[in-house]
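Asker: Sequence and predicted structure, then a few things I'm wondering about:
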Amino acid sequence: DARVTQTPRHKVTEMGQEVTMRCQPILGHNTVFWYRQTMMQGLELLAYFRNRAPLDDSGMPKDRFSAEMPDATLATLKIQPSEPRDSAVYFCASETGGSGNTIYFGEGSWLTVV
Amino acid sequence: GQNIDQPTEMTATEGAIVQINCTYQTSGFNGLFWYQQHAGEAPTFLSYNVLDGLEEKGRFSSFLSRSKGYSYLLLKELQMKDSASYLCAPNSGAGSYQLTFGKGTKLSVIP
């Protein structure tokens, strides 16, 4: 049963610390997304990659967030330094590319910054 | 820009029918998705409409009117496990990166 895998599932960290979230997309999916979900804003697109190339990260605060895809099986989202307002659920998702394709979400990384 | 409007919360009785509405305004349009999200879990795909009309899939149906910028999700024979948030997501372009999610409608199914 193919699925998107994310680690860690839960993370509590102190303000100012670096946080790295990892994602393994479904094998064969060439498009990878990072979303953030909060009660106030709902589900927001932070960045996405196609064939490992970053195509849009306009939804991401550039001063502290960075997203990379070192290889086809790994995507990372890093926050440095973290702030309490970064507390949210971060979802990685992947799809095969193209219009109308279903996006498959990972189970999310629940981040709490205290 | 994108604007998506759906009710924040709804309550319905087990066995009943419920309709969750979504209105949207997007700079372009290339289909609309509905996703289901149980509390503490990831969103999962329910339906995708590109053309006007009703698409039926078991107990769930989704309707689209592109001219009115309107869609609804119809859930029949409600079960307790249908208690979840339902996210409307119009696609404003040719790629899924242009998918914008609404804040979701939290549906509570009561006995």
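Answerer: Received, thanks. Every value quoted in this text rests on a predicted model; they were computed, and no experiment measured them.

Asker: For chain B, what lies in contact range of chain A?
Answerer: B:30-31, B:33, B:41-45, B:48, B:50, B:87, B:91, B:94-97, B:99-104 (CB under 8 Å from any CB of the partner chain). Where C-beta positions appear, they are placed from N, C-alpha and C, glycine not excepted.

Asker: From these, list just the buried residues.
Answerer: B:30-31, B:33, B:42-43, B:48, B:87, B:91, B:95-97, B:99-104 (16 or more other CB atoms under 10 Å in any protein chain shown).

Asker: Which of those fall in strands?
Answerer: Using DSSP state E, the members of these that fall within strands are B:Phe33, B:Tyr48, B:Leu87.

Asker: OK, contacts around the residue nearest to B:Gly104 when sequence neighbours are not counted?
Answerer: Nearest residue to B:Gly104, sequence neighbours excluded (CB to CB, 6 or more residues apart in numbering or on different chains): B:Ser85, at 3.9 Å. Contacts for B:Ser85 were tallied using CB atoms under 8 Å, 6 or more residues apart in numbering or on different chains; they are B:Gln36, B:Gln37, B:His38, B:Ala39, B:Gly104, B:Thr105, B:Lys106, B:Leu107.

Asker: shaky segments in chain A?
Answerer: For chain A, the stretches with pLDDT under 70 are A:1, A:97-100.

Asker: My read is that B:Ile20 contacts B:Ser71, right?
Answerer: No: shown here, B:Ile20 and B:Ser71 do not form a contact pair, counting by CB atoms under 8 Å, at 9.2 Å.

Asker: of the contacts of B:Ser85, closest to chain A?
Answerer: B:Gly104 (6.4 Å; CB to the nearest CB).

Asker: unless I'm mixing things up, that closest one is touching B:Gln36, no?
Answerer: No: in this structure, B:Gly104 is not within contact of B:Gln36 by CB under 8 Å, at 9.6 Å.

Asker: Name the residues contacting each of the two.
Answerer: What both B:Gly104 and B:Gln36 touch, as defined by CB under 8 Å, 6+ apart, is the set B:Ser85, B:Tyr86, B:Leu87.
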